[in-house]
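1. Need coordinates for the following:
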Amino acid sequence: MSNSSILKASPPVAATWLGFAGLIPFVGLTLALLVGQGAWLSTAKFALLGYGVAILSFMGGVHWGRAMARPATAKSASLSVDYAISVVPALAAWSVFALPPSVQFIWLAGCFAVLGIYDVLSARSLDFPEWYPGLRLRLTVVVVICLALAAGAGLAQ
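-> Predicted coordinates for the structure are as follows:
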């Protein structure tokens, strides 16, 4: 699969609709941060951070499921890597709550970007469906943009 073909494979309709539906809280809460006032700002910030943590953890879970689906004869070392890759996003996401507010959205955006790049670049070797990297790339770009805008909104306040 060449880099130019990753955007051409069509995902199942359900994956497309549900994937983009998952962006609604990112877009909506980012807009609330950009135009909201008063108590709405802290509520939107907390909700966006929480949703980002949940979804980044979910994206790590994709790797856990893939690892479990591998044959029992798979090399132990490669399975260990697969399971580690599945847990690291959740730990990285959770750590956002220990960071200063000024870097929380930047950290989450970076985590999404790193995992997204890994998924897109290694999709073939990870035996993901042909359509997965294209959908993953599109969704990740929107998430990273939302989180970057949220970071900018937080710095402007």
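2. Going by C-alpha atoms from here, please, whenever you check contacts or count neighbours.
-> Noted.
3. Going along the chain, name the helices of this structure.
-> Taking DSSP state H to define them, one finds helices in the chain at 13-21, 24-35, 39-69, 76-94, 104-122, 132-156.
4. Turn those helices into TSV, including mean neighbour count.
-> Compiled in TSV, these are given as follows (neighbours: other CA atoms under 10 Å):
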stretch	mean neighbour count
helix 13-21	12
helix 24-35	19
helix 39-69	17
helix 76-94	17
helix 104-122	19
helix 132-156	19
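5. Redo these as a markdown table? Include mean pLDDT.
-> Shown next, in a markdown table, are the helices of the chain (pLDDT from 0 to 100):
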| stretch | mean pLDDT |
| --- | --- |
| helix 13-21 | 97 |
| helix 24-35 | 96 |
| helix 39-69 | 93 |
| helix 76-94 | 89 |
| helix 104-122 | 96 |
| helix 132-156 | 92 |
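6. what about Asp127, neighbour count?
-> The tally of other residues near Asp127 (other CA atoms under 10 Å) stands at 11.
7. Gly36 versus that one, what's the distance?
-> According to CA to CA, to the nearest Å, Asp127 and Gly36 sit 43 Å apart.
8. What is the end-to-end distance of stretch 115-131?
-> 17 Å.
9. correction: stretch 15-27
-> 19 Å.
10. chain center to that stretch, what's the gap?
-> 12 Å (CA atoms, centre = their mean, to the nearest Å).
11. cool, stretch 29-47 as well?
-> Using CA atoms, centre = their mean, the offset of stretch 29-47 from its chain centre is 21 Å.
12. Could you do stretch 92-106 as well?
-> Once both centres are worked out by CA atoms, centre = their mean, stretch 92-106 turns out to sit 15 Å from its chain's centre.
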